[in-house]
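>>> I'll drop the sequence and a predicted model, then ask my questions.
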Amino acid sequence: MKLTDVTTNARPHILGLATLLFATTVFAQSAPVPVFVYEVDSRPFVNEIEALGTLKANQNVVLTSTVTEYVTAIHFEDGQRVQSGELLVEMDATEELAIKQEEQARSSEAGRQVDRLTRLSNSGATSASTLDAQKLDLQTSQARIKAIDSQIRQRQIVAPFGGILGQRDISIGTLVQPGTLITTIDDDSIMKLDFAVPEVFLSAIEAGVEIEASTKVWPEVFQGKVASISSRVDPVTRSIMVRALINNEDKKLRPGMLMRVQLQSNPRNTLVIPEESVITQGRKQFVYTINENADATSVNLAPVSLGVRRKGEVEILDGLSAGDRVVTHGISRVRQGTRVVIKARDDGNTELRVLLNQPSS
């Protein structure tokens, strides 16, 4: 048998195999592709800016001595909470108290003399100049008493405002000098959170904008509001300092703590879809939308205009309407006009394993 005869006899079998493969391919292409879809809806949306900030007390002071004197009494402990005006430390004021007592006696005598000379002046028994000189002595004595009181107050350290004290750095009998550290006091009822924001976000920041702040120390999220914005942009970092106030009623926050800040601005209701639905081709973005009719369910490639992105979601500015359905899973297997079957409805929060177990639509 010749080789040509073998080839001729095998040709019908080869043609039959090719026909079978073609038919299988056509069947595979015509079978609907299972997809997950998400129904476009309008929901609250805000612009989010993240930054790192450092906490400061609403008010804070380092308490020091202004005189050279011995400490005679201490009325506080480390970490104690005190009220405004509460006496914390007393220093030796024996000499000042003795001088004050002496001056008070002189002032009392000067006052009696003024009263006596006033009666005599009214009756013409003494001159007005003599009465004026005695009044001057009384005023001088009273001024000296005020100066002595000031010296006594310098030997008493009081809380300038309510807050929490730091560690005590002195003991009874310590000879303190001007500048000697006694303790610190922080008003931690409200905390200041200072953080830097890139200048490109300046238009989105204003006083009153709400923030969320978190720290690794505590699991909860702390709420606050922007109180002020610096008047200058740093020319090196191209950022601007922002200060927010956080209520600290439970006293969990402390000065110096590092916090992660989320600033929310421009609250609005807008259309939102899962980020995985978006297809990028060059500089344009598209999504596959579901097109249902009496014959079949297919997909349509629709151009969209995107807004702000956040945590797996993206804002839709144009191209979709509320109620439209977009493909979230199965995108790589479809093209314009591809027939599909809706395997599950994605709400953006359900796990993939749960979606896979949903019955097909």
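That came through fine.

>>> use CA for all of it now, contacts and neighbours both
Will do.

>>> Mind checking what helix or strand follows the lengthiest strand in the chain in sequence?
When the chain is parsed with DSSP state E, its longest strand is strand 41-64. Sequence-wise, the next helix or strand downstream of strand 41-64 (DSSP states H and E) is strand 69-74.

>>> partners of that following strand, with directions?
Strand 69-74 sits in its sheet next to strand 87-91 (antiparallel), strand 175-176 (antiparallel), going by DSSP bridges.

>>> can you put these in CSV and add mean pLDDT, mean neighbour count and distance to Asn247?
Shown next, in CSV, are the strands paired with strand 69-74 (pLDDT from 0 to 100; neighbours: other Cα atoms under 10 Å; distance: least, Cα to Cα, whole Å):
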stretch, mean pLDDT, mean neighbour count, distance to Asn247
strand 87-91, 95, 20, 27
strand 175-176, 94, 18, 37
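
>>> For Gly319, find the nearest of those.
Nearest to Gly319 among these is strand 87-91 (68.7 Å), distances taken as Cα to Cα.

>>> Could you identify the helix or strand that succeeds the closest one?
From strand 87-91, the next helix or strand downstream (DSSP H and E) is helix 94-123.

>>> mind listing what's buried in the helix or strand following that next one?
Using DSSP H and E, the helix or strand that follows helix 94-123 in sequence is helix 128-153. Neighbour counts over helix 128-153 (16 or more other Cα atoms under 10 Å) mark 131, 134-135, 137-138, 141-142, 144-145, 148, 152 as buried.

>>> list the helices and strands helix 128-153 packs on?
helix 94-123 (3 or more Cα pairs under 8 Å, 6 or more residues apart in numbering; DSSP states H and E).

>>> And the helix it packs on, how far out from the chain middle?
61 Å (Cα atoms, centre = their mean, to the nearest Å).

>>> Leaving out the residues flanking it, which one is nearest to Tyr288?
Among residues not flanking Tyr288 along the chain, Leu301 sits closest, at 4.7 Å (Cα to Cα, 6 or more residues apart in numbering).

>>> Near that neighbour, how many other residues are there?
16 (other Cα atoms under 10 Å).

>>> OK, contacts around it?
286-289, 335-336 (Cα atoms under 8 Å, 6 or more residues apart in numbering).

>>> ok, back up a step: distance to Arg345 added to the strands paired with strand 69-74, as a markdown table?
Shown next, in a markdown table, are the strands paired with strand 69-74 (distance: least, Cα to Cα, whole Å):
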| stretch | distance to Arg345 |
| --- | --- |
| strand 87-91 | 67 |
| strand 175-176 | 75 |
